[in-house]
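Undergrad: Predicted coordinates and the sequence they were generated for:
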Amino acid sequence: MKILSVNAGSSSLKFTMLELPEEKVIISGTFEKIGLDDSFYTIKYNGNKDKKEAKLENHTDAVKILLDELINYKVIKSYDEIDGIGHRIVHGGDKYTESVVIDDDVLKTVEDLVPLAPLHNPANLVGIRSFKEVLPNTKMVAVFDTAFHQTMSKEEYLYALPYEWYQRYGVRRYGFHGTSHRFIATKMKEMLGEDKKIISCHIGNGASICAIKDGKSIATSMGFTPIAGVIMGTRCGDIDVGLLPYVMSQTKEKFDDVMTDLNKKSGVLGLTGVSSDMRDVEEGYNNKDERCITALNMYANKIVEYISMYNTKLEGADYIVFTAGVGENSDLMRELIIKRLEFMGVKLDSEKNHQRGINGEISTDDSSIKVYVIPTDEELMIAKDTYNLINE
Ligand code: ADP
C-alpha cells in the first residue's frame, strides 16, 4: 500500500510516500515559503534531489503540485493509488491517546485545541483541508505529538498551580515529540525483544527527554508548551518565570515580544550570540570561544539533570538513547553528556561513538546503563499508524 506521511507547518509542507508494510520510502519532499514570493520545493527520489521554483500561494497549491509530481515521477498513475494519508498533528490535548481516523469530529476537536497550540494546530488543519479538497475520498489519519505522553500519571502532569486552571482551562503538562519517543520505544523493543526502561533523548533543534517504562511514557521534559525542559536551538527550556515582569520593565517590551525572545532568540543562539546550529557552536567550542564552551556545557548539564531525574523515576534505567539531529550526529555532545555520568558507571566506547551514521550501541560492555544511538523516523511511525488504522 502507498501511504503519504504529511507534516504541514505554517509556511511549509513536508511529505514522504512509503510502501507499507515493506516500510520502504518511495519519494519525499518539502514545500517551503508557502505564501511568500520566493516559494520553492525539493523532491528526493532515487538518490537525487531536485529543487524547483513554484508560485505557492497556499497549501492547496502545494498539494496539487505534490500530486502532479507523484505522477510525473511515475510513482503513481492515478491519485486513487494513494491508499491513505497520515497527518502529523501537534496537539491532541487529553482527548487523544493514540492516532485516529480523521472525521468531522476529529477536525472539530483539533480546531478546539487551537488555543493550546496556536502556531501549530492551525497549520496542521490547513494541511488536512488542502488534501481533503483535492482528494475528498482518501482515508486520512491524525497522529498526535502529545498522544504518547497521555500515559503520564496525574502527579507527573499537574503543575503546582491553582487547581481550577487545570480543571477549567486544561493547564497541565502535555509533552511533545511523542511520535519520535514512541518510535524509539518500539524500535528498542524490536531490537531487544522486550520492553526495557529507557531514557529517550530527542535532541534536535527542538529537544525533549522522555522516561519510558513498559513501552509507555511516564515523564517528559516539555510541558504545557514545547518551550519547557532542556536547552534547545533557540528555546530557553526551564527558566524562572519570575524574571518575565522584570525583563519587561527593563526592555519595555510587550509580553508577546518577550515570548518571541524566549522561543526564537534564546537557547544555544541566545547563549552564543552566534548560531542555533550545533555544528557552528561546536566549531566555536573547538576554537576555544568562551561563550560556545559555556553554551555546550550548559546544554549537556541540563540533559544530564533530566537523565538523572528520570533514572530515579525509572528506579534505574537500562538504556539511554540519543536521537534527532544533535543526538544522531554530535559525538561531542554525546561525550559531554556521558562523561558527566561516568561516576555512576555509564561508559562510552569512544571508537563506536565517533563512527558516522551509527545505529546501535555506543557504550562499553561493562557500562551500568547501555547507551544507544537510534535515528528517529517519525514519518515511518505516521505511515504505520495510517496503514494499521485504514486496514482495521
Ligand atoms: P528539528 O527539531 O528541526 O527536526 P533536527 O532533529 O533535524 O531538527 O536537528 C537539527 C539540528 O541538528 C541542527 O540544528 C544541528 O544543530 C544539529 N545537527 C545536524 N547535523 C549535525 C552534525 N553533524 N553535528 C552536530 N549537530 C548537527
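TA: Yep, that arrived. Residues are numbered from 1 along each chain as shown.

Undergrad: Which residue ranges of the stretch 101-250 of the chain form strands?
TA: 140-144, 198-203, 207-213, 216-220 (DSSP state E, counting those that start in this stretch).

Undergrad: which helices and strands sit right next to the second one?
TA: Using 3 or more Cβ pairs under 8 Å, 6 or more residues apart in numbering; DSSP states H and E as the contact definition, the elements that strand 198-203 packs against are helix 178-192, strand 207-213, helix 290-313, strand 319-323, helix 324-329. The way it works is simple: take the backbone N, C-alpha and C, and place the C-beta from them, glycine included.

Undergrad: So which bits of the stretch 151-300 of the chain are right by the ligand?
TA: Proximity of the stretch 151-300 of the chain to the ligand, by Cβ under 6 Å from any ligand atom, involves residues Gly204, Asn205, Gly206, Gly233, Asp277, Met278, Arg279, Glu282.

Undergrad: and Gly204, how far is that from Ser221?
TA: To Ser221, Gly204 is 14 Å away according to Cβ to Cβ, to the nearest Å.

Undergrad: Actually, Arg168.
TA: Arg168 is 26 Å from Ser221, by Cβ to Cβ.

Undergrad: Tell me what Lys216 is bridged to.
TA: With DSSP bridges applied, Lys216 shows beta-bridge pairing to Lys213.

Undergrad: Wait, it touches Thr151, no?
TA: Yes: Lys216 is in contact with Thr151 according to Cβ atoms under 8 Å; the separation is 4.1 Å.

Undergrad: now the helices for the stretch 101-250 of the chain?
TA: Secondary structure of the stretch 101-250 of the chain by DSSP state H, counting those that start in this stretch: the helices cover 104-112, 121-134, 154-157, 163-169, 178-192, 243-251.

Undergrad: most tightly surrounded among those helices?
TA: helix 178-192 (a mean of 21; mean count of other Cβ atoms under 10 Å).

Undergrad: Which secondary structure elements does it sit against?
TA: Using 3+ Cβ pairs under 8 Å, 6+ apart: helix 178-192 touches strand 140-144, strand 198-203, strand 207-213, strand 216-220, strand 319-323, helix 378-390.

Undergrad: tell me the angle the first one makes with helix 178-192.
TA: Our comparison of strand 140-144 with helix 178-192, counting by axes from the mean of the first three to the mean of the last three Cα atoms, to 10 degrees, yields an angle of 90 degrees.

Undergrad: May I have the strands that pair with strand 140-144, each with its orientation?
TA: So strand 140-144, judged by DSSP bridges, has these partners: strand 82-89 (parallel), strand 100-101 (antiparallel).

Undergrad: returning to that earlier point: most tightly packed of the strands of the stretch 101-250 of the chain?
TA: Taking mean count of other Cβ under 10 Å, strand 198-203 is the most buried of the strands of the stretch 101-250 of the chain, at a mean of 29.

Undergrad: ok and it relative to helix 178-192, angle-wise?
TA: 130 degrees.

Undergrad: re the thing from before, rebuild the helices and strands packed on helix 178-192 as TSV, extending it with mean pLDDT.
TA: Output for those, formatted as TSV (pLDDT from 0 to 100):
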stretch	mean pLDDT
strand 140-144	98
strand 198-203	98
strand 207-213	98
strand 216-220	98
strand 319-323	98
helix 378-390	98
